[in-house]
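Q: how does the following fold in three dimensions:
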Amino acid sequence: MKTDGLLSSGNIKRVHLTGIGGISMSGLAEILAYQGYIVTGSDEKSSPIIQKLERSGIRITIGHYAENVAGADLLVYTAAVRPDNIELVTAAVAGIPCMDRATLLGELMKKYPMSFAVSGTHGKTTTTSMISMIMLEEGLDPTIHIGGELAAIGGSTRIGSSEFFIAEACEYSGSFLKLHPHIAVILNIEYDHADYFRNIDDVKNAFHSFAELVPKDGHIVVNGDDEKVLDILSGISCNKTTFGVRDSSNTWSASNIEFDDMGCASYTLLHMGKPVTEIKLKVPGIHNVSNSLAAIAACSLAGCSISSAEKALLKFSGTCRRFEIKGISDGVTVVDDYAHHPSEIAATLKAAARYNHSRIWCVFQPHTYSRTKCLMDEFSKSFDNADFVILTDIYAAREADTGEVNSSMLAEKITLTGKNAVYIKDFDNIVELLDKNVMSGDLVITMGAGDIYKVGDMFLEARKKLAVS
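A: Have a look, this model is predicted:
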């Protein structure tokens, strides 16, 4: 059923969201409700996100049932919803139009003349957040939709009243090809999502198609240090701006980069090779210098001042699960990070190495069997800056375990590189090992896109109870 332009047709009054509790779906529900649609939803279990939506007046059912879609004019579903889901099947039989989450995001973007879509294998959430902070500092009142939680907006979504819309653009399953950006950002391109993309050329083709979505009077902001990004620009006719930390010939670049004892950078901002101002970041790592340059470049196209960029970036302390300091106990710092690709792990641990510490304990939970199998060699070489590596079971996410790969295999591979690596299945046993072996001054970093953050929480809670007893 054709869904293009459906939201603006005037025929949609009530929208039902199957899987409403996701970080993106919940934000889209808020936007729809603000725009005057009657919004209902369902999910398998309750959560703080769902409870927040219910408090705003959105009716949500726990569990998926045929009667949930009765009277709906449109059903929106997440990628995690199976084709045989009862609500999806019921809607199809009843002739209710259905669209996936990415299509809805694209339809909403159409309503904003200045829509920004931030893409890349790594750094999307952080860069989208940086752009959002700068625009808020400038007073542009943007609508914001992030794939993570940003404290400055109280969650993943902010509803503004201006022409500006800022959103993350995920490449998985070609989702970002359903968007309608006026300004697109491409941070980097690497091989990932092996369960969807065949090879790196397949990934590059997807990003090329994404760049083609930008109209001729629009703009694309790209990483001039990334050869794969530059490769996909052939035939792209819109305006182009480059950024990068290695080459001052980029439109926006950095020089005199220095790091403090927290691993956070300060640098001289260059525009067309000429010094503009000094930028100080409160998030660690050279990769965040690159992210900040992308944000400055994008916001300059929205008319934001350099002063707003300076102030906003100095305030920005990161988003949930991006080098998030969870706590300090007896001199041991516990950090959590979403890194789940070899390049992300290497970049995060490099940033951690600049943080004032004695030893680094990295507790890693691989994410998906296909990624772990395809990038096994790359994973094994990405822990150079860790002193100890603890691996737990692969977080399956959307996949089934075929028995072809497991975390013990990866632990063995890491050990062959000369690192101390061990596989431990149970979170309780990981906490026990950490509690017995970490010392004051050590840094413990939990890492992965699944539920590994619980280990850090459990470790801190165990130490708190011990201190009280």
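
Q: report the contact partners of the nearest residue to Leu213 once chain neighbours are set aside.
A: Sequence neighbours aside, Pro181 is the residue nearest to Leu213 in space, at 6.1 Å (criterion: CB to CB, 6 or more residues apart in numbering). C-beta: built from backbone N, CA, C; applies to glycine. Counting by CB atoms under 8 Å, 6 or more residues apart in numbering, Pro181 makes contact with 109, 115-117, 169, 213-214, 218.

Q: wasn't Ser307 part of a helix?
A: Yes - assessed by DSSP: H, G, I helix; E, B strand; the rest coil, Ser307 belongs to a helix.

Q: that older thread, check the contacts of Pro181 and tell me the two furthest apart.
A: The two members of those with the most space between them (CB to CB) are Ala169 and Gly218, at 13.7 Å.

Q: overlap in contacts of those two?
A: 181, 184.

Q: give me every residue that touches Ser249.
A: 224, 273.

Q: ok, now with 7 Å
A: Contacts for Ser249 were tallied using CB atoms under 7 Å, 6 or more residues apart in numbering; they are Gly273.

Q: got the phi and psi for it?
A: phi -80, psi -10 (degrees, to the nearest 10).

Q: let me know the pLDDT of it.
A: If you check Ser249, the pLDDT there is 92.

Q: against Val221, how distant is it?
A: Distance of Ser249 to Val221, computed by CB to CB, to the nearest Å: 16 Å.

Q: report the residue ranges of every domain in this protein.
A: 12-100, 112-315, 324-468 (automatic domain parsing).

Q: most tightly packed of these?
A: Greatest average neighbour count among the domains of the chain goes to domain 112-315 (a mean of 20), per mean count of other CB atoms under 10 Å.

Q: what sits against Asn85?
A: 18, 64.

Q: quick one: pLDDT of it?
A: pLDDT, Asn85: 96.

Q: and for the one 3 residues further on?
A: Turning to Leu88, the model gives it a pLDDT of 97.

Q: list phi and psi for it.
A: With angles defined as degrees, to the nearest 10, Leu88 sits at phi -70, psi -40.

Q: tell me how far Glu67 lies from Met25.
A: Counting by CB to CB - Glu67 and Met25 are separated by 20 Å.

Q: against Pro284, how distant is the closest residue to Ile286 other than its chain neighbours?
A: Closest residue to Ile286 apart from its sequence neighbours, by CB to CB, 6+ apart: Val245 at 6.4 Å. With distances taken as CB to CB, Val245 is found 14 Å from Pro284.

Q: swap in Leu17?
A: 36 Å.

Q: try Lys228
A: The value you get for Lys228 to Pro284, if CB to CB is used, is 25 Å.

Q: now Leu230
A: 27 Å.

Q: and what of Glu432?
A: 29 Å.

Q: ok so Cys299 is a helix residue?
A: Yes - when three-state DSSP is applied, Cys299 is found to be in a helix.

Q: show the pLDDT at it.
A: According to the model, Cys299 scores 98 on pLDDT.

Q: now do the same contact list for it.
A: So Cys299 contacts 131, 134-135, 309 (CB under 7 Å, 6+ apart).

Q: residue nearest the centroid of this structure?
A: Thr125 (3.8 Å; CA atoms, centre = their mean).

Q: show me what contacts that residue?
A: 146-148, 168, 319, 322.

Q: apply 6 Å and report the result again.
A: Going by CB atoms under 6 Å, 6 or more residues apart in numbering, Thr125 touches 146-148, 319.

Q: quick one: low-confidence ranges for the stretch 351-469 of the chain?
A: 467-469 (pLDDT under 70).

Q: which stretches of it form strands?
A: Taking DSSP state E, counting those that start in this stretch as the criterion, the stretch 351-469 of the chain carries its strands at 360-364, 388-391, 420-423, 443-447.

Q: tabulate those (TSV), appending distance to Tyr267.
A: As requested, the strands of the stretch 351-469 of the chain are exported to TSV (distance: least, CB to CB, whole Å):
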stretch	distance to Tyr267
strand 360-364	25
strand 388-391	31
strand 420-423	34
strand 443-447	24
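
Q: nearest to Lys373, out of the ones you listed?
A: Taking the strands of the stretch 351-469 of the chain one by one with CB to CB, strand 388-391 is closest: 14.5 Å.

Q: outside of the closest one, which residues touch it?
A: 361-364, 383, 407, 410-411, 414, 419-424, 430.

Q: distance between the ends of stretch 418-433?
A: 20 Å (CA to CA, to the nearest Å).

Q: just the pLDDT for Glu30.
A: 95.

Q: so who does it touch?
A: Thr157.

Q: could you redo the last one with a cut-off of 7 Å?
A: 157, 159.

Q: and the gap between it and Leu7?
A: Taking CB to CB, one finds Glu30 at 15 Å from Leu7.

Q: what's the answer for Ala294, then?
A: 30 Å.

Q: let me see the ranges of the helices in the stretch 101-250 of the chain.
A: 101-109, 124-138, 200-212, 227-231 (DSSP state H, counting those that start in this stretch).

Q: correction: the previous question concerned the stretch 251-400 of the chain.
A: Counting by DSSP H, counting those that start in this stretch, the helices of the stretch 251-400 of the chain are 286-301, 306-315, 342-354, 369-374, 376-380.

Q: and those helices as JSON lines, adding distance to Glu163?
A: Output for the helices of the stretch 251-400 of the chain, formatted as JSON lines (distance: least, CB to CB, whole Å):
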{"stretch": "helix 286-301", "distance to Glu163": "13"}
{"stretch": "helix 306-315", "distance to Glu163": "17"}
{"stretch": "helix 342-354", "distance to Glu163": "33"}
{"stretch": "helix 369-374", "distance to Glu163": "38"}
{"stretch": "helix 376-380", "distance to Glu163": "42"}
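
Q: so for Leu443, which of the ones you listed sits nearest?
A: helix 342-354 (6.0 Å).

Q: and that closest one with strand 360-364, angle?
A: 160 degrees (axes from the mean of the first three to the mean of the last three CA atoms, to 10 degrees).

Q: what's next to helix 342-354, contact-wise?
A: Under CB under 7 Å, 6+ apart, the answer for helix 342-354 is 122, 190, 259, 263, 284-285, 287, 323, 337, 339, 360, 362, 375, 378-379, 382-383, 385-386, 443, 445, 447.

Q: biggest strand in this protein by residues?
A: Secondary structure of the chain read by DSSP state E shows that its longest strand is strand 274-284.

Q: quick check: angle from that one to helix 124-138?
A: Going by the same axes, to 10 degrees, strand 274-284 makes 120 degrees with helix 124-138.

Q: contact partners for Ser56?
A: With CB under 7 Å, 6+ apart, Ser56 has these contacts: Ala33.

Q: dihedrals phi and psi, it?
A: phi -80, psi 0.
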